[in-house]
Structures are given as structure tokens and as C-alpha cells.
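*Asks:* got a sequence here, can you build the structure:
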Amino acid sequence: MSLKRDEFERIYSALGHPTRRRIIMVLGERGKTSFTVLRNELGDVSVGALYHHLDSLAGFIVMQDKARRYYLSHDGRVAYKLLTSREEDLMARIVARARPPLMARLVQRVLLPVGLFSRLPTSPLKSIPQALLIVLFGAWIYGQARTQPIILFVIPNSVMPLPTIMGTFVLSWVALCGICSLLSFFLFRRRGGDIDLLVGLAFALSPLLVFPALVFVDETFRLHVGFMRAPLVMDVLYLFLQAWSLCLITSALSVSKGLRVEKAGVVALAAIYVNIALLPILLGMRWVSF
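*Replies:* Residues are numbered from 1 along each chain as shown. I've put the predicted structure just below:
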């Protein structure tokens, strides 16, 4: 099997994920296949995750005809032959090479854990209650810290009543989902997956809960930690947590809306700009005060 180096590199990437290998196997066995049939064949893969992997393979491994049926390209057929060959040692080396270095994998799992978010839609009985627990805890901890969230931003030392502060966290979660869903449609024409996105965003907002948790612990136990009294340090800390949360939002969008990570990142960045644009309006409302 004679292949150019760049062809091998692309195939290494395609075969690096088990779901993408399954897609290649189905298309290799069935030929031109509609999305519905492909979805049925891969029953345990969510619609958003399937779109995400198809988008990752589009253009060099997987193609679409005028009827929007999927089929394997030349490189895709080569990948299929490798998957079905008995050259187990070659296959093992290809899959091993597709894996990035250990440090890169660790960073990816922390900042862009697409694999984690792709598992959420497959177990709704677990993921939905977990998401609700995160939201309830988030509402409680923001209230205890007297820190009022405005989607992805916060107002420390809020004078609003406790129920109002708690309610704004829940509203921020729902509003962020609505903003991301609308942006996904207007920018990339992606519909559906809103429940998966809502669940994913609950997990994606988790890093932001560290900020009010630190404030709550410091004030409750009267620790008087030095950096907690330095506004600049707290601002930098929140920016770091916000950036981390933005990466997780990107992963949630990638899986729920079936977007490549780059496209999902564009939507996530656009969402934060929308949030900034809305700040003057939201700060003028009665239920937001400091």
C-alpha cells in the first residue's frame, strides 16, 4: 500500500478516535449512507457528537454527494483498508501515533475535554441530575458570597437580596444557552442539541464557581487571606477561571451542536462579546445592583 507522507498524517488523525473509526467502518461497509442511517448504526453516539466527528473528517476522509449522503474519499478508503486489514502491528502503530504526547493530552483533557462532553448525552439519567446539582450549588455559593453573576461576569459585594442573586445565576445559565444556540444558528446554521448544550454548559460553568467559593470560605472562617484583599489579584484569578470556562463552553458547543472545535470557539468568543455588549443594559435593571 503506497501512500504519501501527508496522506498518512491525515489518516493518523482520522483513526485517532474510536468514534471516527466506527464511522469509517460503517461507510466502508455500506457505501453512500444518509445521516439517519449512520446515526442508527452508531446508536450510542449523540447527534451533536456525530456531527462533530463528521465535520472533523469532512473534506479528506468523508465526502457528501448532492443528496447529502456520506461516502469515503480516496483517503477514506485507504483508512478503511487499514482498519480491515490483518496488519495488526501497523494498525497499532497508526493509532499510537495519532495519540498526542502525554502533556498535550493532559492539557487537552483539562481545557478542551471534548471526550467528556461527548459522553454526557449518552447517559442523560446521570448527566441531567448532575447538571442540576451544579446549578443549585452555583446559585447557593454565589448567594452566600454575595457575588452576583451576569452570565459570564460577576459583581462582588452585591446588595441585592439572596434569592435575587441565586436567581440570576440560574437565569445566566439559561441565557448563555440561548445566546450560544442563536449564535450557532446564525453563524453556522446549526440547529438542535439545545438540551445537551444546556447540560454541558452547567459543567462548563463549574470553574467560575471557584471564585465565589473562595470568597465564601475566606469570609465564613475569617481567614483574611492576603490575596483575597487585593482587587488586581482577584481580577486576574477571575480572568483565568473565565478563560478556562470559555474553553469548556467551546467543548460543550462542539459536541452539542456538532461543530469543529475552531468553529465552536468562534461561537464561545462571540457569546462573551454579546455578554459584554449587554452589560450596560443589565446593570441598569433593578435586579442587578452593587
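*Asks:* got the residue ranges for the strands in the chain?
*Replies:* According to DSSP state E, the chain carries its strands in the segments 62-64, 70-72, 148-150, 153-155.
*Asks:* closest one to residue 31 among those?
*Replies:* Closest approach to residue 31 among the strands of the chain is made by strand 70-72 (6.4 Å; C-beta to C-beta). Bear in mind the C-beta positions are built from the backbone N, C-alpha and C, glycine included.
*Asks:* thinking again about what came up before, dump the strands of the chain to JSON lines, plus mean neighbour count, mean pLDDT and distance to residue 166.
*Replies:* Output for the strands of the chain, formatted as JSON lines (neighbours: other C-beta atoms under 10 Å; pLDDT from 0 to 100; distance: least, C-beta to C-beta, whole Å):
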{"stretch": "strand 62-64", "mean neighbour count": "19", "mean pLDDT": "90", "distance to residue 166": "46"}
{"stretch": "strand 70-72", "mean neighbour count": "20", "mean pLDDT": "91", "distance to residue 166": "46"}
{"stretch": "strand 148-150", "mean neighbour count": "24", "mean pLDDT": "93", "distance to residue 166": "10"}
{"stretch": "strand 153-155", "mean neighbour count": "20", "mean pLDDT": "91", "distance to residue 166": "14"}
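*Asks:* so residue 17 is in contact with residue 52, correct?
*Replies:* No: if you go by C-beta atoms under 8 Å, residue 17 and residue 52 don't touch, sitting 10.1 Å apart.
*Asks:* go through the strands of the chain and name the closest to residue 46.
*Replies:* Going by C-beta to C-beta, the one of the strands of the chain nearest residue 46 is strand 70-72, 17.1 Å.
*Asks:* more neighbours, residue 17 and residue 52?
*Replies:* When residue 17 and residue 52 are compared for neighbours, residue 52 comes out ahead with 28 against 18, by other C-beta atoms under 10 Å.
*Asks:* quick check: closest non-adjacent residue to the more buried one.
*Replies:* residue 258 (4.8 Å; C-beta to C-beta, 6 or more residues apart in numbering).
*Asks:* cool, and residue 204?
*Replies:* residue 248 (3.7 Å).
*Asks:* go on, residue 132?
*Replies:* residue 202 (7.5 Å).
*Asks:* which residues does the one you found contact?
*Replies:* Neighbour list for residue 202: 130, 131, 132, 134, 135, 173 [criterion: C-beta atoms under 8 Å, 6 or more residues apart in numbering].
*Asks:* quick one, what contacts the last one?
*Replies:* So the one you mean is residue 173. With C-beta under 8 Å, 6+ apart, residue 173 has these contacts: 135, 138, 198, 201, 202, 205.
*Asks:* quick check: residue 191 touching residue 185?
*Replies:* Yes: between residue 191 and residue 185 there is a contact under C-beta under 8 Å: 6.1 Å.
*Asks:* looking at those two, which has the bigger crowd around it?
*Replies:* Comparing residue 191 with residue 185 by other C-beta under 10 Å, the one with more neighbours is residue 185, at 14 against 10.
*Asks:* helices of the stretch 51-200 of the chain, start to end?
*Replies:* Counting by DSSP state H, counting those that start in this stretch, the stretch 51-200 of the chain has these helices, from start to end: 74-84, 88-98, 102-111, 114-119, 124-144, 162-188, 194-204.
*Asks:* for residue 23, which of those is the nearest?
*Replies:* Of these, nearest to residue 23 by C-beta to C-beta is helix 74-84, at 9.4 Å.
*Asks:* counting contacts, what elements does the closest one pack onto?
*Replies:* helix 5-14, helix 18-30, helix 88-98 (3 or more C-beta pairs under 8 Å, 6 or more residues apart in numbering; DSSP states H and E).
*Asks:* CA atoms only for stretch 199-209, dumped as PDB, please.
*Replies:* The C-alpha trace of stretch 199-209 is given here as PDB (Å, rounded to 0.1, in the frame of the first residue of the first chain):
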ATOM      1  CA  VAL A 199     -26.500  20.300  30.400                       C
ATOM      2  CA  GLY A 200     -23.000  20.800  29.000                       C
ATOM      3  CA  LEU A 201     -23.000  24.500  30.000                       C
ATOM      4  CA  ALA A 202     -23.700  23.600  33.600                       C
ATOM      5  CA  PHE A 203     -20.500  21.600  33.700                       C
ATOM      6  CA  ALA A 204     -18.700  24.300  31.700                       C
ATOM      7  CA  LEU A 205     -19.600  27.000  34.300                       C
ATOM      8  CA  SER A 206     -18.000  24.900  37.100                       C
ATOM      9  CA  PRO A 207     -14.600  26.800  37.100                       C
ATOM     10  CA  LEU A 208     -16.400  30.100  37.700                       C
ATOM     11  CA  LEU A 209     -17.800  28.700  41.000                       C
END
